[in-house]
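Chemist: Turn this into a structure:
(chains A and B)
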2 protein chains.
Amino acid sequence: MADSAPIKDDKTPRTARGERTRRALLSAAAEEFGEKGFHEGSISGITRRAGCALGSFYTYFASKDDIFRALVADMSSQVRDHVAPRIAQARDGIDAERLGLLSFLEFARAHKEIYRIIDEAEFVDQAAYRAHYENTAARMAARLAKAAAQGDVVDDVGEVHAWAIMGMNVFLGLRYGVWDDSRPAEEVAAIANALIERGIGTQR
Amino acid sequence: MADSAPIKDDKTPRTARGERTRRALLSAAAEEFGEKGFHEGSISGITRRAGCALGSFYTYFASKDDIFRALVADMSSQVRDHVAPRIAQARDGIDAERLGLLSFLEFARAHKEIYRIIDEAEFVDQAAYRAHYENTAARMAARLAKAAAQGDVVDDVGEVHAWAIMGMNVFLGLRYGVWDDSRPAEEVAAIANALIERGIGTQR
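Modeler: Okay, here's the model as predicted:
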């Protein structure tokens, strides 16, 4: 296909109204796939929830697979955009991880469908699934490298630490965010953060 | 249904040969569902891989859902039975966690289908999915309590630590077991264990 022109993606909204419609469709897709799963979920279910016509759907998305892929990328970005401003207020590199987990727990409690959707990507769109975790781990590794440069954590932090801490956060979010949210999020984040502070912190 | 007699489970093999056939079907199911996923996988695909007749399948399993549920429980037990004897050889409670992760990484490398199967249970059989992680976390919490009683780890270890360490192990197994096994498992386990040793160990 070296001689064919790249296919132009002409489904990006060009107006604020178009962007609102696309966003309404993504929110409706989160509900639809979160409740029914990918296989049982349908485009007509999505447009019904969004209160828009079937034609509008195809203005922004090519297929059920296409909106699912867009939804996984969108939820991945939503987590990042929810967590990033909280982390920016951290006192230091250790506190950044506490605020990161705390705000993630809060996000998971408010968006309990996120696990179902991202986990189902493992079966529906493996590339989107890997991208979500690889991107999240890369951001975590970059934060740890910055914390090491500031002297907040030990110098030899690296990729293994990033995947380890991400894994902690994912399972704490599942257990204390989605399955049972009765325990204060601050308490869960403080316990996990003490493990990280002692585990890789320099101030001991 | 209070007046009906409980349904007797008559599918448990009564002979060694029966147990071998049941096991062959479970191994075949791990291949079938691991490659094709639950929805695309089929009973005829399982019996073909196992080299046995369709009638034999129904001697041991009632349906595709039934063998999938049995497979999730079986893989969960296989992990436990693979890891437990290694942990029993540990020098102390911290070393137990190192050997636990090391043997889990080795298991994941040898059985790369385990993630697909257990993760798909989230959609096919939510109860089996929760049982796998709740049982694994309960074993981890019991190990940590024993380590605390021995003075190897701090006294206030609890359920949050168990879910945190399980989450670390699951994501390290995905990243360094299933997706890319080029990094020595000993190295990954040693880095994670140093985090745990400093994080909750008493010998600092």
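Chemist: What helices and strands are in contact with the strand or helix carrying A:A162?
Modeler: Per DSSP states H and E: A:A162 is located in helix A:159-173. In terms of contacts (3 or more C-beta pairs under 8 Å, 6 or more residues apart in numbering or on different chains; DSSP states H and E), helix A:159-173 is packed against helix A:93-110, helix A:126-149, helix A:185-200, helix B:159-173, helix B:185-200. C-betas here are computed from N, CA, C, even on glycine.
Chemist: now do 6 Å
Modeler: With contacts defined as 3 or more C-beta pairs under 6 Å, 6 or more residues apart in numbering or on different chains; DSSP states H and E, helix A:159-173 has these neighbours: helix A:93-110, helix A:126-149, helix B:159-173, helix B:185-200.
Chemist: quick one: the second one to helix A:185-200, angle?
Modeler: Here helix A:126-149 runs at 60 degrees with respect to helix A:185-200, directions being taken by axes from the mean of the first three to the mean of the last three C-alpha atoms, to 10 degrees.
Chemist: what angle sits between helix A:126-149 and helix A:93-110?
Modeler: Relative orientation of helix A:126-149 and helix A:93-110, computed by the same axes, to 10 degrees: 150 degrees.
Chemist: Distance from the chain centre to helix A:126-149, please.
Modeler: Remark: helix A:126-149 is offset 12 Å from the chain centroid, using C-alpha atoms, centre = their mean, to the nearest Å.
Chemist: residues of that helix that come out buried?
Modeler: A:128-129, A:131-133, A:136-137, A:139-141, A:143-145, A:147-148 (16 or more other C-beta atoms under 10 Å in any protein chain shown).
Chemist: What parts of chain A come near chain B?
Modeler: By the rule C-beta under 6 Å from any C-beta of the partner chain, the part of chain A lying against chain B is A:37, A:119, A:122-123, A:160, A:163-164, A:166-168, A:170-172, A:175, A:188, A:191-192, A:195, A:198-199.
Chemist: Okay, A:R69 and chain B: tell me how far apart.
Modeler: 17 Å (C-beta to the nearest C-beta, to the nearest Å).
Chemist: Next: A:M140.
Modeler: A:M140 is 11 Å from chain B, by C-beta to the nearest C-beta.
Chemist: what's around the nearest residue to that residue once chain neighbours are set aside, how many residues?
Modeler: Distances taken as C-beta to C-beta, 6 or more residues apart in numbering or on different chains put A:A162 closest to A:M140, at 4.1 Å, once the chain neighbours are dropped. By other C-beta atoms under 10 Å in any protein chain shown, 22 other residues sit near A:A162.
Chemist: can you pull the contacts of A:A162?
Modeler: If you count contacts by C-beta atoms under 6 Å, 6 or more residues apart in numbering or on different chains, A:A162 has them with A:A137, A:M140, A:A141.
Chemist: do the same with A:V83
Modeler: Here A:V83 is in contact with A:G100, A:S103, A:F104 (criterion: C-beta under 6 Å, 6+ apart).
Chemist: Mind telling me what element the residue lying closest to the second one once chain neighbours are set aside is part of?
Modeler: Setting aside the residues directly before and after it, A:S103 is nearest to A:R86 in space (C-beta to C-beta, 6+ apart), at 4.1 Å. Counting by DSSP H and E, the element that carries A:R86 is helix A:64-87.
Chemist: and that helix with helix A:126-149, angle?
Modeler: Using the same axes, to 10 degrees: helix A:64-87 against helix A:126-149 is 10 degrees.
Chemist: Helix A:64-87 versus helix A:159-173: what angle between them?
Modeler: 100 degrees.
Chemist: just to revisit the earlier point, let me know the average pLDDT across the helix holding A:A162.
Modeler: Here helix A:159-173 scores 98 as its mean pLDDT.
Chemist: State the distance from the most centrally placed residue in chain A to A:A145.
Modeler: Centroid-nearest residue in chain A, with C-alpha atoms, centre = their mean: A:S76, separated by 2.8 Å. Distance of A:S76 to A:A145, computed by C-beta to C-beta, to the nearest Å: 21 Å.
Chemist: picking up where we left off before, which positions within the helix holding A:R86 qualify as buried?
Modeler: Buried-residue list, helix A:64-87, by 16+ other C-beta under 10 Å: A:64, A:67-76, A:79, A:83, A:86-87.
Chemist: Also stretch A:150-162?
Modeler: A:D152, A:V153, A:V154, A:V157, A:E159, A:V160, A:H161, A:A162.
Chemist: Over to stretch A:106-123?
Modeler: Buried, per 16+ other C-beta under 10 Å, within stretch A:106-123: A:106-108, A:111, A:113-123.
Chemist: One more: stretch A:168-186?
Modeler: Quick answer for stretch A:168-186 (16+ other C-beta under 10 Å): A:168-178, A:181, A:185.
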